[in-house]
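Engineer: curious how this folds, go ahead:
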Amino acid sequence: MEEIKKFKNIVIGAGPAGRLGSFELGKLGEETLLIEKKYIAGTCLNEGCMVVCALTDISRFIRTFKRFNEIGFIDGNISLDYKSACDNIKKTQLMLRRLNQEENESVNNNVIYGEASVEISDDDKILVKVKLDNDNELQRENVKNKEISLYEAENLLIATGARPFIPNIDGAKYALTSSDVLSLEEVPSKLNIVGGGIIATELSNLFSSFGSEVKIIARSEILKELEPEIKSYVVKKLINEVDICENTNVLEITENSIITDKGEFEGKTLIATGRVPNSEIVADIVDLNDDGSIKVNEFFQTSNPNIYAAGDVTGGITLTPYARKEGISAARNMAGYLNKFDDIIVPQSLTLDLDVSFTQKASESEDDDEKDNIEDIIIPGLGGPHAFWRILRGETGITKVSLNSETEEIVRASQISPSSIDDTAYLAFLMNMGITKEDFDDFLEVHPSTDAYYKILKIM
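Structural biologist: Down below sits the predicted model:
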């Protein structure tokens with residue numbers, strides 16, 4: 001029988017929560033084994049936000065070139081080699097995976113690749129079996145001579161993330177998901193995107209800029225996360241090349257078309273209808289929530305106090321920075337440094353030709369009296385860096401701030417501008433600190449700046 005190796009801490013899943021959780025354990029001097037099924041750094045680097053960011057750099061270059069062409073001071077044509085772009089993204093991803101692995105190993109963590117399974121022994125020990133992936137380009141030589149490795153964990157952190165949700169639609173097997181974006185040989189001439197959230201919108205923006213005839217098909221409305229004025233700007237000025245079909249039901253997907261209750265549309269189909277937690281690995285061992293995510297307490301412990309879970313597999317807010325924070329918090333608890341994870345105001349974003357960012361206080365269920373105290377101010381975006389040449393077309397963005405006039409606290413904030421991601425992140429941090437309008441009296445922005453939050457707060 002294969003020898004069982006004992007580790008104080010085992011982390012399964014090397015996405016943002018698992019990678020940062022294991023790194024934190026290593027920094028604390030805790031013996032840690034990190035197990036990843038396929039790619040270190042998870043969805044974010046390998047098929048999620050980093051892929052969107054890389055392709056958006058290309059999309060923005062194409063649109064900027066066209067804008068300068070239309071104004072008249074640049075002349076010429078450019079074309080996109082999509083496969084070459086994807087190949088170079090993959091090369092960059094490999095470099096970053098190596099760096100992420102070396103970072104974990106720098107704190108004396110062990111990193112291995114393979115598919116893990118978990119069971120509880122008759123004497124309540126946590127056992128982890130790993131079918132090693134010896135073809136993985138980052139698998140270390142010291143484990144490549146075996147097919148199976150067995151481990152016993154004192155503490156276990158499940159950080160297995162989530163995967164694209166595939167709705168029960170006839171012919172769904174013909175559809176692409178966000179995981180397939182880098183596998184395409186060329187840009188589809190026509191693309192139908194099923195879904196109405198952030199991922200669907202970002203992908204519609206990318207492929208329309210690359211030359212696809214794109215249609216968004218949403219069962220209800222798109223971008224419910226955004227305030228009406230912000231959504232209107234996105235639809236009219238940022239994804240105006242995309243045909244949007246709201247309140248539309250998909251009946252069937254074929255290899256080269258999609259059939260809805262409003263007609264049949266030609267083209268490839270991509271499904272972007274949310275994600276499902278990869279909780280199957282411990283589904284028979286710990287309690288799950290109704291949506292299949294792993295149920296945890298404020299210390300990220302599951303119903304088994306020695307098994308922890310963090311990141312997208314626990315449901316809730318499925319954002320990379322949030323998953324990192326959860327993973328670090330879980331790791332500290334595993335190491336005996338107990339700390340609770342408090343609810344915070346979370347900034348979010350939508351990566352388009354201009355960044356769209358927004359945040360709001362968690363207690364958004366104001367009563368009627370509180371709603372009467374809310375004062376909204378909206379101003380156009382300012383023509384600072386990366387926005388000057390948009391002034392001629394009136395496309396510099398928009399900023400909206402909602403203030404409680406009684407407490408002078410910021411309730412909601414949204415911004416579309418080249419700097420909105422940084423602006424909103426710092427504003428959310430200040431909102432968490434309980435700042436008021438008066439606190440901005442002595443604020444000096446860096447000039448020139450596209451930032452409009454502080455201008456609003458100084459004039460309200």
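Engineer: so who does I410 touch?
Structural biologist: Counting by CB atoms under 8 Å, 6 or more residues apart in numbering, I410 touches 361, 401-404, 427, 430-431, 435, 437, 457. Where you see a C-beta, it was placed from the backbone N, CA and C, and this is true even at glycine.
Engineer: measure the most centrally placed residue in the chain to K6 for me?
Structural biologist: Ranked by distance to the mean C-alpha position of the chain (CA atoms, centre = their mean), the top residue is L319 at 4.6 Å. Between L319 and K6 the computed distance is 35 Å (CB to CB, to the nearest Å).
Engineer: which parts of the stretch 351-460 of the chain are helices?
Structural biologist: 368-372, 420-432, 453-459 (DSSP state H, counting those that start in this stretch).
Engineer: just the CA coordinates of the second one, formatted as PDB?
Structural biologist: Taking C-alpha atoms only, helix 420-432 is exported to PDB below (Å, rounded to 0.1, in the frame of the first residue of the first chain):
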ATOM      1  CA  SER A 420     -12.600  54.500 -12.500                       C
ATOM      2  CA  ILE A 421     -11.200  51.200 -11.300                       C
ATOM      3  CA  ASP A 422      -8.600  53.000  -9.100                       C
ATOM      4  CA  ASP A 423     -11.000  55.800  -8.100                       C
ATOM      5  CA  THR A 424     -13.700  53.400  -7.000                       C
ATOM      6  CA  ALA A 425     -11.400  51.000  -5.100                       C
ATOM      7  CA  TYR A 426     -10.000  53.900  -3.000                       C
ATOM      8  CA  LEU A 427     -13.500  55.400  -2.500                       C
ATOM      9  CA  ALA A 428     -14.800  52.000  -1.300                       C
ATOM     10  CA  PHE A 429     -11.900  51.900   1.200                       C
ATOM     11  CA  LEU A 430     -12.800  55.400   2.400                       C
ATOM     12  CA  MET A 431     -16.500  54.400   2.700                       C
ATOM     13  CA  ASN A 432     -15.500  51.500   4.800                       C
END
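Engineer: just the residues contacting it, thanks.
Structural biologist: 344-347, 349, 354-359, 361, 397, 409-410, 413-415, 417, 439, 450-451, 453.
Engineer: buried residues, it. List them.
Structural biologist: Going by neighbour count (16 or more other CB atoms under 10 Å), the buried part of helix 420-432 is 420-421, 423-425, 427-428, 430-432.
Engineer: thinking again about what came up before, relative to Y113, which of the helices of the stretch 351-460 of the chain is closest?
Structural biologist: Among these, the nearest to Y113 by CB to CB is helix 420-432 (32.4 Å).
Engineer: and the average pLDDT for that closest one is what?
Structural biologist: Per-residue pLDDT values over helix 420-432 give a mean of 94.
Engineer: also stretch 155-166?
Structural biologist: 98.
Engineer: and it, end to end?
Structural biologist: End-to-end distance of stretch 155-166 (CA to CA, to the nearest Å): 33 Å.
Engineer: could you pull out the strands for the stretch 51-200 of the chain?
Structural biologist: For the stretch 51-200 of the chain, the strands defined by DSSP state E, counting those that start in this stretch occupy 110-120, 126-132, 148-158, 162-164, 190-194.
Engineer: before we move on, what about the stretch 251-400 of the chain?
Structural biologist: Under DSSP E, counting those that start in this stretch, the stretch 251-400 of the chain gives strands at 257-260, 263-266, 268-271, 275-277, 307-309, 348-351, 355-360, 374-380, 398-404.
Engineer: could I get the ones you listed as a markdown table with mean pLDDT, distance to L99 and mean neighbour count?
Structural biologist: Listed next are those as a markdown table, based on pLDDT from 0 to 100; distance: least, CB to CB, whole Å; neighbours: other CB atoms under 10 Å:
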| stretch | mean pLDDT | distance to L99 | mean neighbour count |
| --- | --- | --- | --- |
| strand 257-260 | 98 | 40 | 20 |
| strand 263-266 | 98 | 42 | 13 |
| strand 268-271 | 98 | 30 | 25 |
| strand 275-277 | 97 | 26 | 20 |
| strand 307-309 | 98 | 26 | 27 |
| strand 348-351 | 97 | 23 | 22 |
| strand 355-360 | 96 | 25 | 23 |
| strand 374-380 | 94 | 41 | 15 |
| strand 398-404 | 95 | 36 | 22 |
